[in-house]
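> Return a 3D structure for these sequence lines:
(one chain, ligands or ions: 2)
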Amino acid sequence: MATYLILLGAPGAGKGTQAERLSQTLKVPHISSGNIFRENLKNQTELGQVANRYISEGHLVPDDITIAMIKERLERPDCARGALLDGFPRTPAQAESLESILAQKGARLEVVLYIKVPQETLIHRLSGRWMCRAENHVFHEEFNPPQIAGVCDYDGSELFQREDDQKETVTERIRVYLEQTAPLINHYRQKGLLVEVDGNQSIDEVTEALMAVLSVGANR
Ligand code: ADP
Ligand code: AMP
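Residues are numbered from 1 along each chain as shown. Ligands and ions are numbered 1, 2, ... in the order given. Prediction:
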């Protein structure tokens, strides 16, 4: 049986950090819509250039573009046994499309892991975030520093700070999250799929809490 999961939470909640760890344990690919947009921008594709107009303003990329991109990604063979979605869906329309994409595959969502973090923590997390150029590994200058400043521990590539992690853009991203994405919390709660995890603890503790949820699920 394929395992499709969602990591839900505000920008800076720790979705990417936890997804790196969980996807290894669950042996399903980590699919981050933000990473796919950034890779497209790096490769100067048309999708990357269009998406960047929205990303740099802290706005969401329109649903039709985002849904088509994720649909194509989920149709690739490595997703046949499941996927861990990070940053998608972010709107009710995206959530509905995901359901039909999975239904077409004869699959369904297993669980939505909501990483809850107080708003005041988010800005501190994002302003200290560093990402690696090669494979999007995530660090924090205070909470999860690399061994050598500016260099990725895993692949040696350069670390950079995202332009959309600057304070003004972060404020807008959090506003957009509250307006367009936070309604998904209730949407999935009503469907009985939501599990809330306290994201306001150390990275290892959040991983443990998520793993505990997943192992309970496996024994059901
Ligand atoms: P998201 O993918 O939800 O936007 P990230 O996983 O990129 O969030 O995390 C945002 C920043 O916060 C990164 O710099 C990361 O190293 C750091 N971080 C993630 N989880 C924690 C945590 N539990 N405690 C402290 N810092 C964290
Ligand atoms: P992230 O890496 O998840 O923080 O995403 C970075 C940016 O990419 C977001 O601020 C949005 O502009 C865009 N983005 C990522 N995922 C989506 C999505 N599911 N829908 C719309 N825009 C998205």
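> Can you name the residues bridging to the residue most central in space within the chain?
For the chain, the residue nearest the mean C-alpha position is residue 86 (2.4 Å; C-alpha atoms, centre = their mean). Residue 86 has the following beta-bridge partners by DSSP bridges: residue 7, residue 32.
> Residue 31 is in contact with that one, correct?
Yes. At 6.7 Å, residue 86 counts as touching residue 31 under the criterion of C-beta atoms under 8 Å. (Glycine included, C-beta is placed from N, CA and C.)
> residues from this structure in reach of ligand 2?
By C-beta under 6 Å from any ligand atom, the residues of the chain that approach ligand 2 are 11, 33-34, 37, 54-55, 59-61, 66, 87-88, 90, 94, 164, 173.
> how about the helix ranked longest in the chain: buried residues?
Counting residues, the longest helix found in the chain (DSSP state H) is helix 203-219. Buried residues in helix 203-219, counted by 16 or more other C-beta atoms under 10 Å: 203, 206, 207, 209, 210, 214.
> Which secondary structure elements does the lengthiest strand in the chain sit against?
As far as residue count goes, and with DSSP state E defining each element, the longest strand of the chain is strand 109-116. Judged by 3 or more C-beta pairs under 8 Å, 6 or more residues apart in numbering; DSSP states H and E, the packing partners of strand 109-116 are strand 3-8, helix 92-104, helix 183-190, strand 194-198, helix 203-219.
> between the longest helix of the chain and strand 109-116, how big is the angle?
Per axes from the mean of the first three to the mean of the last three C-alpha atoms, to 10 degrees, the angle that helix 203-219 makes with strand 109-116 is 150 degrees.
> picking up where we left off before, dump the buried residues of helix 203-219 to JSON lines, plus pLDDT.
Listed next are the buried residues of helix 203-219 as JSON lines, based on pLDDT from 0 to 100:
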{"residue": "203", "pLDDT": "98"}
{"residue": "206", "pLDDT": "98"}
{"residue": "207", "pLDDT": "98"}
{"residue": "209", "pLDDT": "98"}
{"residue": "210", "pLDDT": "97"}
{"residue": "214", "pLDDT": "92"}
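> Who's the closest spatial neighbour of whatever residue of the chain ends up closest to ligand 2, skipping the chain neighbours?
Across the chain, no residue is closer to ligand 2 than residue 34, which sits at 1.9 Å (C-beta to the nearest ligand atom). Leaving aside its chain neighbours, residue 34 sits nearest to residue 87 (4.8 Å; criterion: C-beta to C-beta, 6 or more residues apart in numbering).
> Many thanks, we can stop here.
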